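# Show me how the following folds:
(4 chains)
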Number of protein chains: 2
Amino acid sequence: MTAVTKIDPWGSIRDLLHDRGMRWTPQRRTLIEVLSRADGHVGGADLVERCRAIDPTTTPSTVYRTLDVLEDLGFIRHGHGADGREEFHVLPTRDHGHLHCGACGQTWELGEGEAQGMVDALRGKRGFEVDLSHVTIVGRCADCAAAEGARKD
Amino acid sequence: MTAVTKIDPWGSIRDLLHDRGMRWTPQRRTLIEVLSRADGHVGGADLVERCRAIDPTTTPSTVYRTLDVLEDLGFIRHGHGADGREEFHVLPTRDHGHLHCGACGQTWELGEGEAQGMVDALRGKRGFEVDLSHVTIVGRCADCAAAEGARKD
DNA sequence: ATCGTTGTTGCAAGAGCTTGCAACATGGAC
DNA sequence: GTCCATGTTGCAAGCTCTTGCAACAACGAT
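So this is what the prediction gives:
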């Protein structure tokens, strides 16, 4: 758990919304409260649930729509986990993707450095600009790969 | 994982199923008929629809379950598109992922060569074995990246 | 041809997410 | 403080997929 040490990043949201002609509503306040307490990665349904813990009248559609707005503003980024479900990165400080082991289900962060080779290759050969934050690489982690190699079923 | 014969790869399915104590049903026959006519990539819902065109009584659950079986047998592989929906690769001859432009929506294949750098880096540093076929990299294609750079809207 | 085992199917329900739409409430104007 | 324009909300319905479960049917054995 890190962050929050800086000047409250969420404090600026209200003004950002107003600057864009958007509104500051109780529902948005609730979601932002939840996000400010979240660390790193959260699932969409998870967020809906946490909002309901604060305000039981929370509706999924509102949460997802607010998440869209917040992503536009740059407060969060979303990607899709190994199972295709949405996954949100809160206050992404550095661009990163995810590594997911299909066997044990664990997930790790994929740093820019590790993906650099591919990112550069794609930019050079195709002019394609990778959005790392949206990437989830699935495979087998070292432990599971070893276990499968040994087991041979 | 199985070696799929080159000539009429689908012809061997019935025997493969029997060898495993599984059954050859009309529903599976329908899906295989659809798959044998599909080229490259298809969405899950898309497959259900095509099966229904042949047999209107087709049920989603049966289709998805059969797809699981076929993936076990190595006839198809599945991944998740940029929107998180399932995407099936039929008869994957070479391992490849996908490149998706979030702006124009186009998709390209990502060959092993292009991802090699990253795949090797992950294997070397973490012992992580990437399953390329499950990967979809999202970003901006050359054209869209250029367009966005030119006019900020 | 018939039987019995057991892999499969279809239904129903549900999770996760999206969208159209009418009613509502924010926030600037007066 | 009151009003109004319009950004937002909540509902309802729908899409994509998944899962539990009871009924069904494939297929080897008889």
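# Give me the buried positions along stretch A:129-142.
Residues A:129-141 are the ones in stretch A:129-142 that count as buried (16 or more other CB atoms under 10 Å in any protein chain shown). (Glycine included, C-beta is placed from N, CA and C.)
# Make JSON lines out of the residues you listed and add pLDDT and secondary structure.
Converted to JSON lines, these look like this (pLDDT from 0 to 100; DSSP: H, G, I helix; E, B strand; the rest coil):
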{"residue": "A:129", "pLDDT": "86", "secondary structure": "strand"}
{"residue": "A:130", "pLDDT": "85", "secondary structure": "strand"}
{"residue": "A:131", "pLDDT": "83", "secondary structure": "coil"}
{"residue": "A:132", "pLDDT": "80", "secondary structure": "helix"}
{"residue": "A:133", "pLDDT": "76", "secondary structure": "helix"}
{"residue": "A:134", "pLDDT": "77", "secondary structure": "helix"}
{"residue": "A:135", "pLDDT": "79", "secondary structure": "coil"}
{"residue": "A:136", "pLDDT": "81", "secondary structure": "strand"}
{"residue": "A:137", "pLDDT": "84", "secondary structure": "strand"}
{"residue": "A:138", "pLDDT": "82", "secondary structure": "strand"}
{"residue": "A:139", "pLDDT": "84", "secondary structure": "strand"}
{"residue": "A:140", "pLDDT": "85", "secondary structure": "strand"}
{"residue": "A:141", "pLDDT": "84", "secondary structure": "coil"}
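# Keep only those of those that are also close to chain B.
A:129, A:130, A:131, A:134, A:135, A:136, A:137, A:138, A:139, A:140, A:141 (CB under 8 Å from any CB of the partner chain).
# re earlier: quick check, nearest of the buried residues of stretch A:129-142 to residue B:99?
Distances from residue B:99 to the buried residues of stretch A:129-142, taken as CB to CB, are shortest for residue A:130 (8.5 Å).
# for chain A, what spans make up the strands?
With DSSP state E as the criterion, chain A has strands at A:41-43, A:76-80, A:86-90, A:97-101, A:107-110, A:129-130, A:136-140.
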